[in-house]
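>>> The following block contains a protein sequence and its predicted model.
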Amino acid sequence: MGHVYQRLKLSAAREEEMTIMVDTGATYSLISPALANRLGVVRFPGRFPVTLADGRQIDAEVCQVGVHIDGRIGVTTGVITECADPLLGVEALEVLGLAVDPTAGKLVPTRTWTARLGGVLAIAAG
């Protein structure tokens, strides 16, 4: 299996369309500080320990970013650090109900897409 790339839109205060590599070995998505700034993401306070694929542990900024793929929209965690290219992690795939088809080299639905709002309570007004 080769690399899998996906055309998508990332969003926060602003949107940007791009082609991004899907990394099934990464839990979270990875974006550069420059991309985070262009999107206008709100960074979580402080830094969080993150282990990279090469085994190094870094303290990185973290944010939430919207992901739009083929009509499916969700929110995923973005790790903000210097990187050559952004990566789409498996958390985003789970949120959107997508998986990598290694034979076709593309993303395929794993379930009907619906917003997963477990833990959100509806509070009746009045």
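Arrived safely, thanks for sending. Residues are numbered from 1 along each chain as shown.
>>> any idea which element residue 92 lies in?
Using DSSP states H and E, residue 92 sits in helix 90-96.
>>> Do a quick rundown of the strands in the chain.
4-11, 15-22, 29-31, 48-51, 57-69, 72-80, 87-88, 98-101, 106-109 (DSSP state E).
>>> I'd like those strands as TSV, with mean pLDDT and mean neighbour count appended.
Backbone N, C-alpha and C define where each C-beta goes, glycine included. Formatted as TSV, the strands of the chain follow (pLDDT from 0 to 100; neighbours: other C-beta atoms under 10 Å):
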stretch	mean pLDDT	mean neighbour count
strand 4-11	96	18
strand 15-22	97	15
strand 29-31	96	25
strand 48-51	93	12
strand 57-69	96	17
strand 72-80	95	20
strand 87-88	96	24
strand 98-101	94	18
strand 106-109	94	14
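>>> In CSV: those strands, plus distance to residue 38.
CSV is the format used below for the strands of the chain (distance: least, C-beta to C-beta, whole Å):
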stretch, distance to residue 38
strand 4-11, 9
strand 15-22, 6
strand 29-31, 10
strand 48-51, 21
strand 57-69, 11
strand 72-80, 12
strand 87-88, 17
strand 98-101, 24
strand 106-109, 24
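>>> Can you list the buried residues in the helix holding residue 92?
Across helix 90-96, burial judged by 16 or more other C-beta atoms under 10 Å covers 90-93, 95-96.
>>> from memory residue 82 sits against residue 33, does it?
Yes - counting by C-beta atoms under 8 Å, residue 33 is a contact partner of residue 82 at 6.9 Å.
>>> just checking, what packs against the helix holding residue 92?
Packing partners of helix 90-96 (3 or more C-beta pairs under 8 Å, 6 or more residues apart in numbering; DSSP states H and E): strand 57-69, strand 72-80.
>>> From the chain's centroid, how far away is the last one?
From the chain centre to the centre of strand 72-80 is a distance of 3 Å (C-alpha atoms, centre = their mean, to the nearest Å).
>>> Return it as CSV; C-alpha atoms alone will do.
The C-alpha trace of strand 72-80 is given here as CSV (Å, rounded to 0.1, in the frame of the first residue of the first chain):
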residue,chain,number,x,y,z
ARG,A,72,-19.1,14.8,6.1
ILE,A,73,-18.2,17.5,8.6
GLY,A,74,-16.6,17.0,12.1
VAL,A,75,-14.3,18.4,14.6
THR,A,76,-10.9,16.9,15.4
THR,A,77,-7.8,17.5,17.5
GLY,A,78,-5.0,19.3,15.8
VAL,A,79,-1.4,19.1,17.1
ILE,A,80,0.4,22.3,16.1
